[in-house]
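K.L.:
Generate coordinates for the sequence data below:
(3 chains)
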Amino acid sequence: MPTLSISKTRPNVEAVIWAADMAGTFVFAVEGAVSAMRGGLDLLGVMVVSFVAALGGGVIRDLLLGATPPSAIRDWRYPALTFAAGLLTFLFHSLAQPVPDLLVTVVDAAGLALFAVAGVEKALLFEIRPFVAMLMGTVTGVGGGVIRDILLARVPLVLRADIYATAAFFGALVVIVARRAGVPPGWAAVVGGVACFALRMMAVVFGWHLPKAAGW
Amino acid sequence: MPTLSISKTRPNVEAVIWAADMAGTFVFAVEGAVSAMRGGLDLLGVMVVSFVAALGGGVIRDLLLGATPPSAIRDWRYPALTFAAGLLTFLFHSLAQPVPDLLVTVVDAAGLALFAVAGVEKALLFEIRPFVAMLMGTVTGVGGGVIRDILLARVPLVLRADIYATAAFFGALVVIVARRAGVPPGWAAVVGGVACFALRMMAVVFGWHLPKAAGW
Amino acid sequence: MPTLSISKTRPNVEAVIWAADMAGTFVFAVEGAVSAMRGGLDLLGVMVVSFVAALGGGVIRDLLLGATPPSAIRDWRYPALTFAAGLLTFLFHSLAQPVPDLLVTVVDAAGLALFAVAGVEKALLFEIRPFVAMLMGTVTGVGGGVIRDILLARVPLVLRADIYATAAFFGALVVIVARRAGVPPGWAAVVGGVACFALRMMAVVFGWHLPKAAGW
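P.N.:
Numbers count the residues shown, from 1 in each chain, chains lettered A, B, ... in the order given. Below you'll find the predicted structure:
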C-alpha cells in the first residue's frame, strides 16, 4: 500500500476496511461451507470452498491491483478465520438447519455491502479511477461466490438471478458519488454500504429481477 | 511498462496495440453477450460475460507479465466499451439474428488475429523470451473465450474443436519469425495477423480439425 | 526473488526446488493429458490441459506471491516439457494403457510430495509467514489438478475425495515443524516430502477418507 501519503484520516479508513473484511469474511465462509456440504464435498473440500467463497473476491481484487501478496494471504487471520468457519459449519450444521431463510438473506446482504465498500475503498487507496474502483468493489463483493460456483461446476448464481452484483455496484457507486459531493470518506462508506444493503433487501422482498433476453 | 527504453518506434507499436485491442474487444464482447443470452443469463450476467470474454485474455496476460493493474482495468475505455457492447447486444439482438454465420466467423477470426498479435507484441515489450511470448499471444487470443465457457459451466470450446488456438499460436509464431528475419516490427505484426486470420478461415472453410485420441 | 540475501545454502535450495519442479511437472503433465483425452479433447486441448495440470499450481502460487512472471512462464523449459509430455502421451497412449494403477498412484504421490515441498520452500524464500507458506505448498501441489478439472467442467476431484490435498498440507506442515526444530533446510524438505508421500500412499492402501457431512 502507498504508505508515504498517509493522512490522519487513513488509519480510520484502514481500520474500517479491516473490520468490514473480517465480518463479511465470516458470513461468506459459512455460506460457502453450506454450499459445499450440499454439493457432497468432504471436510477438506468444505474448508477450501469456505476459504475461496470468503476470500476469493478480495484475492482477485488484490491481484488486479498488483497488491501482492493479497491481504487474504499476507494476514494469517483471514485464512484461519475461514477455515474455522468451515470447520464449525461442518461440525454443527445440524444445529443451523432451522435458521430461517430471512436471517440468512439479511446477513448475506450485510456481508455483500461490507465487501463492496471495502473493495471500493481499497481501490481508491491505490489511486484507481472511480469507474474502475466501482468495478473493484463489485468484484470484491461477488468474486468469491463466482469462484465457489465454478468449483462446484455450476453457472455462477450471481450471473443468473436477482439483483445481487447490481446491489454491490450500486453501493460502490454511492460511495464514489458521496465522496465527490464532499461527504467525509467514513460517512461515504456508511451511506454506500446502507445503499447496497437496502437495494439487495428490497430486491428480495419485492422479487425484483433484471430482465432476461426474450425468445432465447 | 518499461518506459526508460522507449525508442522512436515504440509509440507506433503502442498505438497499433491499442487500436487492435479496441477493435478485437468490441467483437469478442458482442460474441460473449450472445453466448450469455443463449445460456439464459440476465442483463448483468450478459454484461459480465461480455467483459470477461473480451478482456479476460488480456487480463490473464497482464497478470502473468506482472503488468498490474491490467490495461483492461487501468484504462476505463476497455470496460466501458465491453459493457456498452453487452448492453447494445442485449437490447438489439433481435435485429442481429439474421446476421449470416459467415460474417460472424470472419469478424471473429479478425478479432482473434488482432488479439494474438497484440498479445505477442506486449510480451515482447516486457522482454519476454520468444517462445513464451508466442504463448502469451495465444492466451490473449483465446483466454477470454475460455473464461466465458468456464462461467457458463462448459468445457471450453477452444479445447474441444477446430483450429482456433492453433491459429492464434501460428500467427504469434509468424510475428516472431518475421522479426528474426529482419522484417520491421509493424510489418511483422501485419504478416502475423494475416497468417492467423488466413489459417483460421481456411480451417473453417475446409473443415480442418486437429486429431483426437482414438478409442477413448 | 530476493537476491540480496542469498546465503551459501540458497543455491542448493534453489537447485532442489528446480529439480523437484521438473520431475513433478512431467508426471502431472502426463496425468493431465490422460484426463484430457478421456474428456474427448483434441490434440491442442490435450497439450493445454497438460500445461495447466502441471504448471497451474505453481502459477497460482507465483501470482499470489507477486513473483511475476511466474517461473512456469519465465523459464521456457517448463512449458516445453509439458507440451512434450502432452504430445508424447497423445501419440503413445496405447502403449501406456497396460500400466498398472498402483504405479500411476505411486508416481502421482511422488509428484504431489515434490510440488508441495517446492511450494513451501519458495514461499519461505519470499519471507511468507509459516501458516500461509503451508497453504502455498498445498496450492502448488493441488492447484494444477483443480484448474484441470475446472477446464473439464467437473467438480475438482481433490475437493470430493480422498486424502490428497490433506497429504500436501501435512507435508508442508512437516517441513515447517522440522525447520523450527533445527533440522537443516535440505533435510526438512526431504522429511516433509516423505511425510506427504507416506500419508498419501497409506490413504490409498487403507482406503482412508475425510468425513462428509451426514444427511445432505
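K.L.:
And the most centrally placed residue in chain A, how far from residue C:112?
P.N.:
Centroid-nearest residue in chain A, with CA atoms, centre = their mean: residue A:141, separated by 3.0 Å. With the distance defined as CB to CB, to the nearest Å, residue A:141 ends up 35 Å from residue C:112. C-beta coordinates here come from the backbone N, C-alpha and C atoms, glycine included.
K.L.:
and the residue nearest to the centre of chain A, what does it touch?
P.N.:
Neighbour list for residue A:141: A:57, A:112, A:113, A:115, A:116, A:119, A:165, A:168, A:171, A:196 [criterion: CB atoms under 8 Å, 6 or more residues apart in numbering or on different chains].
K.L.:
and the gap between it and chain B?
P.N.:
Going from residue A:141 to chain B by CB to the nearest CB, to the nearest Å gives 13 Å.
K.L.:
Give the burial count for residue A:19, as a bare number.
P.N.:
Applying other CB atoms under 10 Å in any protein chain shown, we find 12 residues neighbouring residue A:19.
K.L.:
Now do the same contact list for it.
P.N.:
Neighbouring residues of residue A:19 by CB under 8 Å, 6+ apart: there are none.
K.L.:
Quick check, pLDDT for it.
P.N.:
As predicted, residue A:19 sits at a pLDDT of 71.
K.L.:
What of residue A:112?
P.N.:
For residue A:112, the model assigns a pLDDT of 91.
K.L.:
So it versus residue A:172, what's the distance?
P.N.:
11 Å.
K.L.:
what residues do these two have in common as contacts?
P.N.:
residue A:196.
K.L.:
still on that earlier bit, just among the contacts of residue A:141, which is most surrounded?
P.N.:
Each of the contacts of residue A:141 was scored for neighbours by other CB under 10 Å, and residue A:116 scores highest at 37 neighbours.
K.L.:
anything in the host helix or strand of it near chain B?
P.N.:
For residue A:116, the host element (DSSP states H and E) is helix A:101-125. No. For helix A:101-125, no contact with chain B is found by CB under 8 Å from any CB of the partner chain; the gap never falls below 9.1 Å.
K.L.:
Pull up the residues of chain A that are close to chain B.
P.N.:
Checking chain A against chain B by CB under 8 Å from any CB, the hits are A:63-66, A:126, A:128-129, A:131-132, A:135-136, A:146, A:150, A:153-156, A:158-161, A:165-166, A:209-213, A:215-216.
K.L.:
Filter those down to just the ones in helices.
P.N.:
A:63-65, A:131-132, A:135-136, A:146, A:150, A:158-160, A:165-166 (DSSP state H).
K.L.:
Show me which pair in these is furthest apart.
P.N.:
Farthest pair in these (CB to CB) is A:65 and A:160. Separation: 27.8 Å.
K.L.:
So for the two, which residue has more residues nearby?
P.N.:
Legend: neighbour count by other CB under 10 Å for residue A:65 and residue A:160, higher for residue A:65 (23 against 19).
K.L.:
ok, the closest residue to the more buried one other than its chain neighbours - how many residues close by?
P.N.:
Using CB to CB, 6 or more residues apart in numbering or on different chains and skipping residues adjacent in sequence, the residue nearest residue A:65 is residue A:126, 5.0 Å away. Using other CB under 10 Å, residue A:126 has 18 neighbouring residues.
K.L.:
Quickly find the element holding residue A:56.
P.N.:
Per DSSP H and E, residue A:56 falls inside helix A:43-65.
K.L.:
Now do the same contact list for residue A:107.
P.N.:
residue A:27.
K.L.:
three-state assignment of residue A:69?
P.N.:
coil (DSSP: H, G, I helix; E, B strand; the rest coil).
K.L.:
where are the low-confidence patches of chain A?
P.N.:
A:1-14, A:16-17, A:20-21, A:96-100, A:161, A:213-216 (pLDDT under 70).
K.L.:
Let's see if you can find the most crowded of the ones in helices among the residues of chain A next to chain B.
P.N.:
residue A:136 (28 neighbours).
K.L.:
Spell out which residues of chain A are next to chain C.
P.N.:
Near chain C, when you scan chain A using CB under 8 Å from any CB, you find A:36-46, A:48-49, A:59, A:63, A:66, A:68-70, A:73-74, A:76, A:79-80, A:90, A:93-94, A:150-153.
K.L.:
For those, which PyMOL command selects only the ones that are buried?
P.N.:
The following PyMOL line selects those of the residues of chain A next to chain C that are buried, judged by 16 or more other CB atoms under 10 Å in any protein chain shown:
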select buried, chain A and resi 36+37+39+41+42+43+44+45+46+48+49+59+63+66+68+69+70+73+79+90+93+150+151+152+153
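K.L.:
Alpha carbons of stretch A:31-49, as PDB, please.
P.N.:
The C-alpha trace of stretch A:31-49 is given here as PDB (Å, rounded to 0.1, in the frame of the first residue of the first chain):
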ATOM      1  CA  GLU A  31     -22.400 -19.700   3.300                       C
ATOM      2  CA  GLY A  32     -19.600 -21.300   1.200                       C
ATOM      3  CA  ALA A  33     -19.400 -24.200   3.700                       C
ATOM      4  CA  VAL A  34     -23.100 -24.800   3.400                       C
ATOM      5  CA  SER A  35     -22.900 -24.800  -0.400                       C
ATOM      6  CA  ALA A  36     -20.000 -27.200  -0.300                       C
ATOM      7  CA  MET A  37     -21.800 -29.700   2.000                       C
ATOM      8  CA  ARG A  38     -24.800 -29.600  -0.200                       C
ATOM      9  CA  GLY A  39     -22.500 -30.400  -3.100                       C
ATOM     10  CA  GLY A  40     -21.300 -33.600  -1.300                       C
ATOM     11  CA  LEU A  41     -17.700 -32.400  -0.700                       C
ATOM     12  CA  ASP A  42     -15.600 -33.800   2.100                       C
ATOM     13  CA  LEU A  43     -14.300 -31.900   5.100                       C
ATOM     14  CA  LEU A  44     -11.300 -30.500   3.200                       C
ATOM     15  CA  GLY A  45     -13.500 -29.500   0.300                       C
ATOM     16  CA  VAL A  46     -15.800 -27.700   2.700                       C
ATOM     17  CA  MET A  47     -12.900 -25.800   4.200                       C
ATOM     18  CA  VAL A  48     -11.400 -24.900   0.800                       C
ATOM     19  CA  VAL A  49     -14.700 -23.700  -0.500                       C
END
